[in-house]
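Asker: requesting a structural model of the entry that follows:
(one chain, ligands or ions: 1)
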Amino acid sequence: MDTRNLIATAQAMMADGKGLLAMDESTGTCNKRFAGAGISQTEEARRGYRELLVTTPGMGECISGAILYDETIRQKTRKGTPFVQVLTAAGIVPGIKVDMGAKALAGHPAERVTEGLDGLRERLKGYFDMGARFAKWRAVLAIGEGLPTPACIEVNAHALARYAALCQEATLVPIVEPEVLMDGDHTLERCRSVTEDVLHRVFDQLRLQGVMLEAMILKPNMVLPGLTCATQESVDVVAAATVKSLLRVVPAAVAGIAFLSGGQSGELASARLNAMHGRFGLPPVQAPWPLTFSFGRALQQPALEIWAGDEVNRVAAQQALLHRARCNAAALHGNYHAGMETA
Ligand code: 13P
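Answerer: Model prediction:
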């Protein structure tokens, strides 16, 4: 384990005023989003869209790292420059999603376990050689009657910790992503309690597997009411609940926390992130770790819709992506406001 390099990468990923761009949708998920936007679901369309993302001028000002997918890390621009090289030149650290997806958990209907540990050591070495410096593994936990079960929490926490240990051995900073899903009518309080339970189990397992906290990044959900819950709390209530839970559960040694957006709108995700920094990011109330974003949909969705598969819309789509990135970067200093959306 190359401790010095791991910590330097983690710190670069958590650079002040910057966040991560999640552009690691699997082929299936990317195709689903393309279908929703009326875009043809071909390898060339996916390549062209990812080229648009990585070549957006100015992205390096507010994006510290980009999470790629196996197909994407091997792709090049139309002019033949590997995406990894484009990102690195822009000061953006390339990373890679390495899990093989969430699969049905035997004996536990409606629950899933993320797979991909078999052969992972060899795959990680391959990705490092391709230029990746960090990795991501996502576990999903649904809230429902009697869900998540302790069995589901345990297997996913165990897999996350084994993945993280293998990453550090390969000098890749692990992003550990246990996502408590927003689907359902549960309350914010229920999400808080499940999120804390899950994070406790994840950090127990990380400790058991000897993962170095200073060289990992946690990618959690925000603490939110379910999408169909009748009571949708204010931005400030969500921000306060989220930070309170994290302060209870996440060790201070962790290099940083980078939220997923999980289906929140771009504006709401920015507003909630902003409120966390308004309350907790400024002296004298300091959180022990930097809190940033690692959004997929909340950064990309407007750009995808504007692009719509037509190169004529490339520049406008890049501007939309840069706009969302700048809004989130502003939120990291408590400087995001609704006026930014109409300016
Ligand atoms: P969303 O922000 O769209 O939830 O995606 C983040 C991510 O990386 C999910 O694994």
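Asker: make it CA atoms for all contacts and neighbour counts henceforth
Answerer: Will do.
Asker: and the stretch 151-300 of the chain, which residues reach the ligand?
Answerer: Taking Cα under 6 Å from any ligand atom as the criterion, the neighbours of the ligand within the stretch 151-300 of the chain are 260-263, 295-298.
Asker: flag whichever of these scores worst on pLDDT.
Answerer: On pLDDT alone, G263 ranks lowest of those, at 95.
Asker: need phi/psi at it.
Answerer: G263 adopts backbone torsions of phi 110, psi 0, taken as degrees, to the nearest 10.
Asker: now swap in A170 and tell me
Answerer: For A170, the backbone dihedrals (degrees, to the nearest 10) come out as phi -90, psi 10.
Asker: so it touches G126, yeah?
Answerer: No: with contacts counted by Cα atoms under 8 Å, A170 stays clear of G126, the gap being 9.8 Å.
Asker: so which of these two has more stuff around it?
Answerer: Taking other Cα atoms under 10 Å, A170 and G126 do not tie; A170 has more neighbours (22 against 13).
Asker: how much space between V54 and the ligand?
Answerer: Distance of V54 to the ligand, computed by Cα to the nearest ligand atom, to the nearest Å: 16 Å.
Asker: oh, I was asking about A110
Answerer: With distances taken as Cα to the nearest ligand atom, A110 is found 19 Å from the ligand.
Asker: can you tell me the element that residue falls in?
Answerer: In this structure, A110 sits in neither a helix nor a strand according to DSSP states H and E.
Asker: hmm, it is touching A104, no?
Answerer: Yes: taking Cα under 8 Å as the contact criterion, A110 and A104 are neighbours in contact, 7.4 Å apart.
Asker: is whichever helix or strand R314 is part of in proximity to the ligand?
Answerer: Remark: R314 resides in helix 314-331, with elements defined by DSSP H and E. No: where contact is defined by Cα under 6 Å from any ligand atom, no part of helix 314-331 touches the ligand; the two come within 12.3 Å at best.
Asker: and that helix, what does it pack onto?
Answerer: Contacts of helix 314-331 with other secondary structure elements, assessed using 3 or more Cα pairs under 8 Å, 6 or more residues apart in numbering; DSSP states H and E, are made with helix 43-54, helix 266-276, helix 297-307.
Asker: 6 Å - rerun?
Answerer: Applying 3 or more Cα pairs under 6 Å, 6 or more residues apart in numbering; DSSP states H and E, we find helix 314-331 packed against helix 266-276, helix 297-307.
Asker: and that helix with helix 266-276, angle?
Answerer: Between helix 314-331 and helix 266-276, the angle comes out at 20 degrees (axes from the mean of the first three to the mean of the last three Cα atoms, to 10 degrees).
Asker: in helix 314-331, what's buried?
Answerer: 314-315, 317-331 (16 or more other Cα atoms under 10 Å).
Asker: what's around D204, how many residues?
Answerer: A count of nearby residues for D204, using other Cα under 10 Å, gives 14.
Asker: give me the element it is part of.
Answerer: Assigned by DSSP H and E, D204 falls in helix 188-208.
Asker: return the residues in contact with F293.
Answerer: For F293, the contact set (Cα atoms under 6 Å, 6 or more residues apart in numbering) comprises 19-20, 258-259.
Asker: mind doing that once more with 8 Å?
Answerer: Residues in contact with F293 (Cα atoms under 8 Å, 6 or more residues apart in numbering) are 19-20, 257-260, 273, 328.
Asker: ok, and the most crowded of those residues?
Answerer: The residue in those with the most neighbours, by other Cα under 10 Å, is N328 (33 neighbours).
Asker: mind listing which of the contacts of F293 are in strands?
Answerer: Within these, membership in strands is found for 19-20, 257-259, as judged by DSSP state E.
Asker: and the helices in the chain?
Answerer: Residue ranges of the helices in the chain, as given by DSSP state H, are 3-13, 27-36, 43-54, 70-73, 83-89, 120-130, 150-169, 188-208, 235-249, 266-276, 297-307, 314-331, 339-342.
Asker: output those as JSON lines; include the columns distance to K97.
Answerer: Supplementary listing: the helices of the chain in JSON lines, determined by distance: least, Cα to Cα, whole Å:
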{"stretch": "helix 3-13", "distance to K97": "15"}
{"stretch": "helix 27-36", "distance to K97": "12"}
{"stretch": "helix 43-54", "distance to K97": "15"}
{"stretch": "helix 70-73", "distance to K97": "7"}
{"stretch": "helix 83-89", "distance to K97": "14"}
{"stretch": "helix 120-130", "distance to K97": "10"}
{"stretch": "helix 150-169", "distance to K97": "11"}
{"stretch": "helix 188-208", "distance to K97": "19"}
{"stretch": "helix 235-249", "distance to K97": "24"}
{"stretch": "helix 266-276", "distance to K97": "22"}
{"stretch": "helix 297-307", "distance to K97": "16"}
{"stretch": "helix 314-331", "distance to K97": "20"}
{"stretch": "helix 339-342", "distance to K97": "31"}
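Asker: centre-most residue in this protein?
Answerer: S294 (3.7 Å; Cα atoms, centre = their mean).
Asker: ok, now which ones touch the nearest residue to it once chain neighbours are set aside?
Answerer: Taking Cα to Cα, 6 or more residues apart in numbering, and ignoring the residues beside it in sequence, S294 has L20 as its nearest neighbour in space, at 4.3 Å. Residues in contact with L20, defined by Cα under 8 Å, 6+ apart, are 13, 63-67, 258, 292-295.
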